[in-house]
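1. quick check, what structure comes out for this input:
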Amino acid sequence: MEKIRVLFVCLGNICRSPLAEAIFKHKIKERNVEHLFEVHSCGTANYHIGDSPDSRTIANAKRNGVEIDHAGRQLCVADFDSYDYIFVMDQSNRKNALRLTANAIHHTKVIMMREFDTIGKGEDVPDPYYGTEKDFQEVFDILNRSTENLLLDFLKREKQNGFSF
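-> Take a look at the predicted model:
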């Protein structure tokens, strides 16, 4: 069975997208379905290539029982062929991602992360970088809900395709 390749994208790849990646990985590990997915994250900007996530993101994730192991990288055109789904955190990063390719098939892969949120569906995931601990927790809560619903959607489809867990 071919893995579902998922990429989470924000601006600098140090706050939202590595957190989404870590939460999603945590959820698939808990459900013992890691073998179904390949999960990564990146940023549309080149500000933090090779950097660890923001220390506040790491601390917040840890407080919520999630470990992050990531080094920042930038979104590139090849990612559109490599990944099945590209989940962006906000409209600005959606536009930046879509500018990289004119291929209509590539454009269908770019989806707003909060399309899977039960609160604020379709809205931006706010950038906590200039915020407080409360802002980092709000982003964690948003991504936790969104990745849960995203995972349930994937698993439902896989089950319909005959895969049993």
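
2. what backbone torsions are found at residue 141?
-> Here is the backbone geometry of residue 141 (degrees, to the nearest 10): phi -60, psi -40.

3. distance check, it against residue 97.
-> 24 Å (CB to CB, to the nearest Å). The C-beta positions use only the backbone N, C-alpha and C, and glycine is treated the same way.

4. those two - which one has more neighbours?
-> Remark: of residue 141 and residue 97, residue 97 carries more neighbours, 22 against 13, as counted by other CB atoms under 10 Å.

5. next, the contact list for that one, please.
-> 9, 44, 75, 86, 88, 110 (CB atoms under 8 Å, 6 or more residues apart in numbering).

6. any chance of those in a markdown table, plus secondary structure?
-> A markdown table is the format used below for these (DSSP: H, G, I helix; E, B strand; the rest coil):
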| residue | secondary structure |
| --- | --- |
| 9 | strand |
| 44 | coil |
| 75 | coil |
| 86 | strand |
| 88 | strand |
| 110 | strand |
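
7. name the helix or strand of this structure that has the lowest mean pLDDT.
-> Least confident helix or strand of the chain, by mean pLDDT, DSSP states H and E, is helix 133-160 with a mean of 91.

8. and it, what does it pack against?
-> helix 16-30, helix 55-63 (3 or more CB pairs under 8 Å, 6 or more residues apart in numbering; DSSP states H and E).

9. check which residues of the shortest one are buried.
-> Neighbour counts over helix 55-63 (16 or more other CB atoms under 10 Å) mark 56-58, 60-61 as buried.

10. distance of residue 74 from residue 144?
-> Using CB to CB, residue 74 is found at 26 Å from residue 144.

11. looking at these two, which is more packed in?
-> Comparing residue 74 with residue 144 by other CB under 10 Å, the one with more neighbours is residue 144, at 19 against 16.

12. correct me if wrong: that one contacts residue 23.
-> Yes. Counting by CB atoms under 8 Å, residue 144 does reach residue 23; the two are 5.7 Å apart.

13. tally of neighbours for residue 2?
-> Residues near residue 2, counting by other CB under 10 Å, number 7.
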